[in-house]
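Asks: Need the 3D shape of this:
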Amino acid sequence: MQVTTRTRIACPPEQVFDALADLRNDTEWNSRVSSVELLSGEPIGPGSRFAMVNGGTTYDVTITTYDRPSRLGIEATGKPDLTIAYTFTPTGEGTDLESNFDFRPRGVLKALFPLLAPVIRRDVPKQYASLKALCER
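Replies: Numbering: from 1, shown residues only. Model prediction:
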């Protein structure tokens, strides 16, 4: 299942990129994320790995694309597996953030996922409104 969101943020692309690339920030803006730990060393870049708890599910997350400040890619292994591709486009007012989510449920979750899809489609833009608020303060 794929979900695409677009969010206009009144901050430079570098600031929005850095907020998303350091997944430890997710606990500040994503109400579903309860913890994030950096498993690889600093600095954060391509191949950086994180352990994340999102909605009670543990994910192993790796940065797969790191083209600051224009593109960021994340691969998350958990239930479900998930790929997120971010594109940051500068505007006169800040940044247009496009987020493309590709959810890949397995097993029993695959059968239940069509029921969860409307909830996910509603929830994702709400989370990004919180990211917008974090970046703009």
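
Asks: and Cys135, what does it touch?
Replies: For Cys135, the contacting residues are Ile9, Ala10, Cys11, Gln15, Val16, Ala19, by C-beta atoms under 8 Å, 6 or more residues apart in numbering. For every residue, glycine as well, the C-beta is placed using N, CA and C.

Asks: what's the distance between it and Phe88?
Replies: 11 Å (C-beta to C-beta, to the nearest Å).

Asks: try Ser48
Replies: Relative to Phe88, and taking C-beta to C-beta, Ser48 is found at 18 Å.

Asks: what about the strands in the protein?
Replies: Along the chain, counting by DSSP state E, strands occupy 2-9, 33-38, 49-54, 57-67, 71-77, 81-91, 94-104.

Asks: what sits up against the first one?
Replies: When you say that, I think you mean strand 2-9. Contacts for strand 2-9 (C-beta under 8 Å, 6+ apart): 16, 91, 93-103, 120-121, 124-125, 128-129, 131-132, 135-136.

Asks: Okay, buried residues for the lengthiest helix in the chain please.
Replies: Selection of the longest helix in the chain by residue count, based on DSSP state H, yields helix 107-136. Neighbour counts using 16 or more other C-beta atoms under 10 Å place Phe113, Asp123, Val124, Gln127, Tyr128, Leu131, Lys132, Leu134, Cys135 of helix 107-136 among the buried residues.
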